[in-house]
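# Test case, fold it:
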Amino acid sequence: MPDGQPENLSAGPCAPVDLSVVIPAYNEEENIPVIFSKLQAVLGAMGKTFEIIFVDDGSADASLRRMLDIRQRTPGVRVFGLRRNMGKSIALATGFKHAVGENVVTLDADYQEPPEAIPDLIACLETGYDLVSGWRQTRRDPLTKVWSSKIFNWLVRKIAHTSIHDVNCGFKIYKKEVIKNIRLYGGLHRVIPVLAERAGYRVGEIVVAHRAREHGETKFRGIFRGLHGIFDLLTVLFLSSYHKRPLHFFGMAGLVLLLFGLAINAFLTFRYFLGIGFIGERIPLLMLGILSMLLGFQSFCLGLLGEMLVRRNLEASKEPDEEIPL
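You can find the predicted model right below:
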């Protein structure tokens with residue numbers, strides 16, 4: 001099996017169920033039995049058919065062993081393991097690929113969000129949303145993580161014009177259609193609500209409780225986590241707005257650079273013919289004008305190449321269905 005690809009450790013495919021719960025985990029051996037016990041009690045009291053999907057993201061501890069022990073003694077539990085640490089986006093994508101529920105809940109394995117809030121997520125989803133995200137209004141994390149998250153979420157609201165307060169909360173519920181039509185890779189799990197909104201889905205949010213970690217340590221700290229999130233956000237915004245029309249982006253940038261360079265060179269040319277000075281007296285300005293024109297031309301050509309690639313990909317692959325069945 002190729003390195004990093006998921007290994008199916010489940011008991012086999014499940015029949016369709018009402019609810020799938022996807023739990024990505026990385027080095028959470030102490031929390032997995034706890035969150036499973038709480039989750040089993042909550043789901044058992046709801047009167048719905050369900051499955052629980054654990055995805056081990058290449059853990060170095062006994063997390064995978066804990067998952068397999070649970071699967072062995074509990075029907076409706078499926079386990080998938082990544083051969084190495086691939087990141088949360090790939091772990092979620094693996095769970096989404098195999099989920100058979102009409103609705104899908106995602107829950108982090110650190111047991112900081114309460115499974116008891118799942119009925120509230122479902123109730124909110126049934127009011128007409130396609131995705132409902134948790135909002136950890138009161139965080140129980142180290143201050144560095146809390147403030148980096150606040151800054152990141154503020155930037156996301158300003159840049160993406162979304163009303164979601166906590167885009168990176170791992171506690172969410174999706175309609176099946178959403179998880180089948182959004183593609184996760186890199187670090188796009190941080191901006192899933194923005195990704196869904198840009199795809200035309202209705203996204204809601206409810207406040208959920210948040211508890212301090214009881215076992216283990218957080219896997220994400222510092223300001224670089226927020227910077228990575230901003231890069232992922234810019235990726236979503238660019239791809240959602242220009243992935244089918246790259247010439248509109250690169251062509252506009254190229255046009256601005258080209259006109260800027262032409263203006264500089266025209267200024268130098270007029271100075272020369274009016275007898276104000278020689279072009280060679282303004283070598284730095286002349287070089288700036290030439291460089292700007294070259295960059296503008298290259299940007300325009302890059303946009304044309306992008307258009308050719310888009311055309312080729314559209315002819316070779318099937319895009320996600322954007323029609324709404326009526």
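
# Could you look up the SS state of residue 262?
helix (DSSP: H, G, I helix; E, B strand; the rest coil).

# residue ranges of the strands in the protein, please?
6-8, 17-25, 50-57, 77-82, 101-106, 131-135, 172-175, 203-207 (DSSP state E).

# OK, contacts around the nearest residue to residue 194 once chain neighbours are set aside?
Sequence neighbours aside, residue 160 is the residue nearest to residue 194 in space, at 4.7 Å (criterion: Cβ to Cβ, 6 or more residues apart in numbering). Glycine gets a C-beta too; all of them are placed from N, C-alpha and C. Counting by Cβ atoms under 8 Å, 6 or more residues apart in numbering, residue 160 touches 191, 194, 197, 233, 236-237.

# just residue 177 next, same as before
residue 130.

# separation between it and residue 196?
Distance, residue 177 to residue 196, using Cβ to Cβ, to the nearest Å: 10 Å.

# Spit out the residues that contact the two alike.
Contacts common to residue 177 and residue 196, judged by Cβ under 8 Å, 6+ apart, are residue 130.

# Out of the strands of the chain, which is closest to residue 89?
Checking the strands of the chain against residue 89 by Cβ to Cβ gives strand 17-25 as the closest, at 9.2 Å.

# what angle sits between that closest one and strand 77-82?
40 degrees (axes from the mean of the first three to the mean of the last three Cα atoms, to 10 degrees).

# Off-centre distance for strand 17-25?
On the basis of Cα atoms, centre = their mean, to the nearest Å, strand 17-25 is displaced by 18 Å from the centre of the chain it belongs to.

# avg pLDDT for that strand?
Mean per-residue pLDDT for strand 17-25: 94.

# partners of that strand, with directions?
When pairing is defined by DSSP bridges, strand 17-25 lines up against strand 50-57 (parallel), strand 101-106 (parallel).

# and residue 134, how many neighbours does it have?
24 (other Cβ atoms under 10 Å).

# So which of the contacts of residue 160 sit within helices?
Those of the contacts of residue 160 mapping onto helices are 194, 197, 233, 236-237, per DSSP state H.

# For PyMOL, write a command that selects the buried ones of these.
Restricted to buried positions by 16 or more other Cβ atoms under 10 Å, the PyMOL selection for those reads:
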select buried, resi 194+197+233+236+237
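
# Nearest to residue 292, out of the ones in helices among the contacts of residue 160: which one, please.
residue 237 (25.7 Å).

# Contacts only, for that closest one.
159-160, 194, 198.

# can you give me the helices in the stretch 151-300 of the chain?
176-181, 192-198, 223-242, 246-273, 283-316 (DSSP state H, counting those that start in this stretch).

# ok, back up a step: how much space between the residue nearest to residue 194 and residue 306?
Relative to residue 306, and taking Cβ to Cβ, residue 160 is found at 23 Å.

# what do you get for residue 248?
Taken as Cβ to Cβ, the span from residue 248 to residue 306 is 10 Å.

# swap in residue 73?
Residue 73 is 53 Å from residue 306, by Cβ to Cβ.

# now residue 150
36 Å.

# Tell me which of the two has more neighbours.
Comparing residue 150 with residue 306 by other Cβ under 10 Å, the one with more neighbours is residue 306, at 20 against 14.

# what sits against that one?
Neighbours of residue 306 in contact, by Cβ under 8 Å, 6+ apart: 246-247, 250.

# okay, those residues in JSON lines with neighbour count and distance to residue 310 next?
Formatted as JSON lines, those follow (neighbours: other Cβ atoms under 10 Å; distance: Cβ to Cβ, whole Å):
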{"residue": "246", "neighbour count": "19", "distance to residue 310": "7"}
{"residue": "247", "neighbour count": "19", "distance to residue 310": "9"}
{"residue": "250", "neighbour count": "21", "distance to residue 310": "12"}
